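Trainee: next one to model:
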Amino acid sequence: MIELRGRKIALIGGAGFIGHNMALTLAKMGADVHAVDSLQVNNLGAFSNCHDDQNKTLYLHLINERLRLIREAAIPLHVVDARDYQVLSRCLSEIKPDTIVQLAAVAHANRANKDPYSTFDHSLRTLENALDCARGQDRHFIYFSSSMVYGNFDGDAVTEDRHCEPLGIYGALKYCGEKLVIAYNQVFGLSYTIVRPSALYGERCVSRRVGQAFIENVLRGLPVSVNGDGSDALDFTYAQDLIQGLILCMSKKEARNQTFNLTYGGARTLKQMINIVQENFPDVEVKMQPRDMLMPERGTLSIEKAKRLLGYKPEHPLEQGFVRYIQWYKDLAHEYPKLFAPARK
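Mentor: Numbering: from 1, shown residues only. A predicted model of the protein is given here:
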């Protein structure tokens, strides 16, 4: 085991959805954790400059909650654009991290396909800069990839050694990122871990992920919109389960130079998720939309490797984690009803 208390950890993208939750967990464990973030992608910059998004007020509230929690936990926040190599290099030189976690990216496949230049800029350019700043040091580099690298799933559960055939810009860039990380290990000996999460959900997300969109629509009195017939299955993963896996990747030497699926380990259909929504909001209206053909047909990711090498043990099936998420949103709507006011026509 590698002791995390006092260990210097830099989270690039540390004010994002996973980043801030991870920073809070690490701080509680006694790690010397630093959040490095430009506050531009899915953050203050993006929504402050948005004029017609019905979610603007809600998402700015959630982002400010993230920043408040980071501040109250005394976690240093370095407002740095990771696309700027010189600025990022100076920042990391000052922090002198033992571990770097690369979270910075455009975290939405549809958005990536609509704006490939920005996705490349914020996903691959930031990664290359972070890798180059990390080389030449005895550091551990953790790269946040995606289950989208697999493309269309086949078989009962996809394992890490399966051939990858990503569809669309998002999956292609994530897979390209993985290859770049491995290349830095081959050329410079940089120790790495690649993690592949799937269908994440959890508190203070502003990426408009599917379960999040369902809940927010219901609270606004809008119908739930489903792409396809509801039979698409995803390995829905509660954020805290992923963070448990990331902590294990930092603390276990067995994680070095390995790739792991870090998911719940059991796919559920969109229809099953909608059923949970209907149990909590009986009057919800459901509308079916055409399926996005650039979205691969996915399913269960095998987590046997993570269980065997890391002792990974996810604790939140959809019936628990998603219900907890719904209750968190209900409490938020009760305390701040104006955040869920219907959009102006």
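
Trainee: span of stretch 132-151 from start to end?
Mentor: Length of stretch 132-151, first residue to last, CA to CA, to the nearest Å: 29 Å.

Trainee: just give me the neighbour total for residue 94.
Mentor: Counted with other CB atoms under 10 Å, residues neighbouring residue 94 total 11. Placement of C-beta: from N, CA and C, glycine included.

Trainee: quick check: it is in a helix.
Mentor: Yes: applying DSSP: H, G, I helix; E, B strand; the rest coil, one finds residue 94 inside a helix.

Trainee: what spatial separation is found between it and residue 76?
Mentor: Distance check for residue 94 against residue 76: by CB to CB, to the nearest Å, it reads 10 Å.

Trainee: where in the stretch 201-345 of the chain is pLDDT low?
Mentor: 294, 343-345 (pLDDT under 70).

Trainee: got the contact list for residue 259?
Mentor: Residue 259 sits next to 145, 160, 178, 193, 194, 195, 196 when contact means CB atoms under 8 Å, 6 or more residues apart in numbering.

Trainee: can you confirm it is in a strand?
Mentor: Yes: the assignment for residue 259 (three-state DSSP) places it in a strand.

Trainee: quickly list what it is bridged to.
Mentor: Applying DSSP bridges to residue 259 gives these bridge partners: residue 194.

Trainee: gap between it and residue 175?
Mentor: Residue 259 sits 11 Å away from residue 175, going by CB to CB.

Trainee: what sits against residue 25?
Mentor: With CB under 8 Å, 6+ apart, residue 25 has these contacts: 243, 247.

Trainee: tell me the secondary structure for it?
Mentor: Put simply, residue 25 is helix when judged by three-state DSSP.

Trainee: returning to what we had before: overlap of the contact sets of residue 259 and residue 175?
Mentor: With CB under 8 Å, 6+ apart as the test, residue 259 and residue 175 both reach residue 145.

Trainee: count of neighbours near residue 201?
Mentor: Neighbours around residue 201, by other CB under 10 Å: 24.

Trainee: now do the longest helix seen in the chain: which elements does it pack against?
Mentor: For the chain, the helix reaching the highest residue count under DSSP state H is reported as helix 168-188. Judged by 3 or more CB pairs under 8 Å, 6 or more residues apart in numbering; DSSP states H and E, helix 168-188 is in contact with helix 109-114, helix 116-120, helix 126-134, strand 140-144, strand 191-196.

Trainee: elements contacting the longest one?
Mentor: It refers to helix 126-134. Contact here means 3+ CB pairs under 8 Å, 6+ apart; on that basis helix 126-134 packs against helix 85-95, strand 99-102, strand 140-144, helix 168-188.

Trainee: buried residues, it. List them.
Mentor: Residues of helix 126-134 classed as buried under the neighbour-count rule (16 or more other CB atoms under 10 Å) are 126, 127, 129, 130, 131, 133, 134.

Trainee: make JSON lines out of those and add distance to residue 61.
Mentor: What follows is the buried residues of helix 126-134, written out as JSON lines (distance: CB to CB, whole Å):
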{"residue": "126", "distance to residue 61": "26"}
{"residue": "127", "distance to residue 61": "30"}
{"residue": "129", "distance to residue 61": "31"}
{"residue": "130", "distance to residue 61": "30"}
{"residue": "131", "distance to residue 61": "35"}
{"residue": "133", "distance to residue 61": "33"}
{"residue": "134", "distance to residue 61": "34"}
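
Trainee: what's the farthest-apart pair in these?
Mentor: The two members of the buried residues of helix 126-134 with the most space between them (CB to CB) are 126 and 134, at 12.5 Å.

Trainee: who touches both of those two?
Mentor: With CB under 8 Å, 6+ apart as the test, residue 126 and residue 134 reach no residue in common.

Trainee: and the longest helix of the chain, average pLDDT?
Mentor: Mean pLDDT, helix 168-188: 94.

Trainee: ok, back up a step: go through the helices and strands packed on helix 126-134 and pick out the most buried.
Mentor: strand 99-102 (a mean of 26; mean count of other CB atoms under 10 Å).

Trainee: show me what it pairs with in its sheet, parallel or antiparallel.
Mentor: Short version: by DSSP bridges, strand 99-102 pairs with strand 8-12 (parallel), strand 140-144 (parallel).
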